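> Quick one, structure for this:
(one chain, ligands or ions: 1)
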Amino acid sequence: MIELKGLTKRYAGKSVVDDISLTLEDGEFGVLIGPSGCGKSTTLKMINRLIPASGGQILLNGDDVADLPVEQLRRRIGYAIQSTGLFPHWDVARNIATVPQLLKWPKSRIDDRVDELMALFHLDPAEFRGKYPHQLSGGQAQRVGVARALAADPEVLLMDEPFGAVDPLTREVLQAEMKRVHQQTGKTIVFVTHDMDEALSLATRIALLNQGRLVQYDRPIELMVEPADDFVREFIGQADLGLKLLSRRWVHQYQREARLQQTETLDSLHAHGWLIDDQGRPSALAGARLDDADAITRVKPEWIATPEMSMKEALSRMVWYRVMVLPVVDDAGKLIGEVGMQGVMGMQDEPEGALS
Ligand SMILES: Nc1ncnc2c1ncn2[C@@H]1O[C@H](COP(=O)(O)OP(=O)(O)OP(=O)(O)O)[C@@H](O)[C@H]1O
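Here you go, the predicted structure:
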C-alpha cells in the first residue's frame, strides 16, 4: 500500500505538487494523469526519492520513505521509464539482472529469475539473453526495462510514461501485456501517462492532477460517469464517451448462450446459429451478416472474441467484419457463448447497470 499525505513540492516558493493525499491499496494499478506540467512525474519521483519532497509524507506499506536507506528503497520500489535506461554495453540478461546482482544473489538464482521474467514478457531466452539494447526494437527494449524493474520482486512498480516513445500498435500490445503482467503478479503499480485511453484501459484507480493539485481520485468508471467538475469532463473528452465506457466493459459481462445450428439451412428469417466442428470450435455462422442476413459465413479468426476482450474491441470487430454477433471461445478455442450488437445497445441481456 502507498499513502501520500499532504505531499508537496515547491521550486522557488511555487508549489508544483500541492498538498496531494491519496491511498493506493495493494495490487491496485494507479495511474497519475493530467496536462503537461501538472506534476505527475514530480509526484512519482518523490515516491522513490529521486526528487526530495518539500512537505508531506509518503508511506510504503506503513514505512515513511524519508526514513528508509536509499538502497533499501530502490529494492522495494522498481522503476521503469520511457527511454528504458538500459545499459548499452550490457546484454539483455545482465540488464535484467542489475538489481539482483547488486544484492549479490547466487548466480543460479539470478539465471532462474532472468528466465522467469523473460518468459513473463514473452521474450525467448535463447534468442534474447545475449542481445544488446541496440539490437532490440523499441517494444522489446521496453519489455526488458520493465522486466529489469521487476527483477528483485519489488513491493511497488513505478512507471513514468513507459510507452510514450513507441508506435501506436506496439503501444497497444505493450498495454495488453502490462495488464496481463499486473494480473499475474498482483503488483501494486503507479503509472504516469498523459493519454486518457491508456489510463482508462489500464487503471484500477486514476488520479487526475491539474496545476499540482489532485482534482479527482476515483475508479475509471466513476471518472467518466461522475466527473468532479468541468475540468475532468473536458479532460476525459465527451465525444467518444460511449466507446470509452465500452473499453472498460468485458465480453464476459455481455456474453449469452450461443444457439447451435444443426444444418446449413436457416429455420426462420433473420435467425442465426453457429455451426461447430468436431472439437466444438465455431466454424460457421448462419445468418447475422449485416450485408446478407441469410448467408452462411465461415468464421474467421479475426472475429472470434474471448471473455477477457473489451466490448470496445468486440464492437470494433463487429463493425469491421460486418457481423451482428461474434463467437466467444475458451482457451482451447471451443465455443462457449456469443456476444452481439444487441447486447452493446442494451436491448437484450444487458448486465444490471452496465452503462450507468
Ligand atoms: N527542477 C525544477 N525546477 C523548477 N521547476 C521544475 C523543476 N522540475 C519540474 N519543474 C516544474 O514543475 C512542474 C511539474 O513538472 P512535472 O515534470 O512533474 O510535470 P508532468 O505533469 O510530469 O509534465 P509532462 O507531462 O510534461 O511530463 C512543471 O511546471 C515544471 O516546469
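> where are the low-confidence patches of the stretch 201-350 of the chain?
Applying pLDDT under 70 to the stretch 201-350 of the chain flags the ranges 262-271, 288-294, 346-350.
> For it, which segments count as helices?
Per DSSP state H, counting those that start in this stretch, the stretch 201-350 of the chain carries helices over the ranges 220-225, 230-236, 241-247, 251-254, 311-321, 341-344.
> Turn those into JSON lines, including distance to the ligand.
Bear in mind the C-beta positions are built from the backbone N, C-alpha and C, glycine included. JSON lines is the format used below for those (distance: least, C-beta to the nearest ligand atom, whole Å):
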{"stretch": "helix 220-225", "distance to the ligand": "17"}
{"stretch": "helix 230-236", "distance to the ligand": "13"}
{"stretch": "helix 241-247", "distance to the ligand": "21"}
{"stretch": "helix 251-254", "distance to the ligand": "33"}
{"stretch": "helix 311-321", "distance to the ligand": "25"}
{"stretch": "helix 341-344", "distance to the ligand": "34"}
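> how about CSV for those, with distance to residue 16 and mean neighbour count added?
Formatted as CSV, the helices of the stretch 201-350 of the chain follow (distance: least, C-beta to C-beta, whole Å; neighbours: other C-beta atoms under 10 Å):
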stretch, distance to residue 16, mean neighbour count
helix 220-225, 23, 19
helix 230-236, 18, 15
helix 241-247, 29, 17
helix 251-254, 40, 20
helix 311-321, 35, 18
helix 341-344, 43, 20
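> Put together JSON lines for those, with distance to residue 298 on each row.
Formatted as JSON lines, the helices of the stretch 201-350 of the chain follow (distance: least, C-beta to C-beta, whole Å):
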{"stretch": "helix 220-225", "distance to residue 298": "37"}
{"stretch": "helix 230-236", "distance to residue 298": "40"}
{"stretch": "helix 241-247", "distance to residue 298": "27"}
{"stretch": "helix 251-254", "distance to residue 298": "21"}
{"stretch": "helix 311-321", "distance to residue 298": "12"}
{"stretch": "helix 341-344", "distance to residue 298": "20"}
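> Residue 50 is nearest to which of these?
Residue 50 lies closest, by C-beta to C-beta, to one member of the helices of the stretch 201-350 of the chain: helix 230-236, at 26.3 Å.
> ok, and what's touching the closest one?
Helix 230-236 is touched from outside by 33, 34, 35, 196, 208, 210, 215, 216, 223, 224, 227, 244, with contacts defined as C-beta atoms under 8 Å, 6 or more residues apart in numbering.
> let's see it at 7 Å
Here helix 230-236 makes contact (C-beta atoms under 7 Å, 6 or more residues apart in numbering) with 196, 208, 210, 215, 216, 223, 224, 227.
> which residue sits closest to the fifth one in space, ignoring its chain neighbours?
The spatial neighbour of residue 216 that comes closest, neighbours along the chain excluded (C-beta to C-beta, 6 or more residues apart in numbering), is residue 228 at 4.1 Å.
> and the stretch 101-250 of the chain, which residues reach the ligand?
Selection of the stretch 101-250 of the chain residues close to the ligand by C-beta under 6 Å from any ligand atom yields residue 194.
> Which residue would be the closest one in the stretch 101-250 of the chain to the ligand?
For the stretch 101-250 of the chain, the residue closest to the ligand is residue 194, as judged by C-beta to the nearest ligand atom, at 4.9 Å.
> contacting residues around that residue?
The contact partners of residue 194, by C-beta under 7 Å, 6+ apart, come to 33, 36.
> what's the span of stretch 53-62 from first residue to last?
From its first residue to its last, stretch 53-62 covers 17 Å (C-alpha to C-alpha, to the nearest Å).
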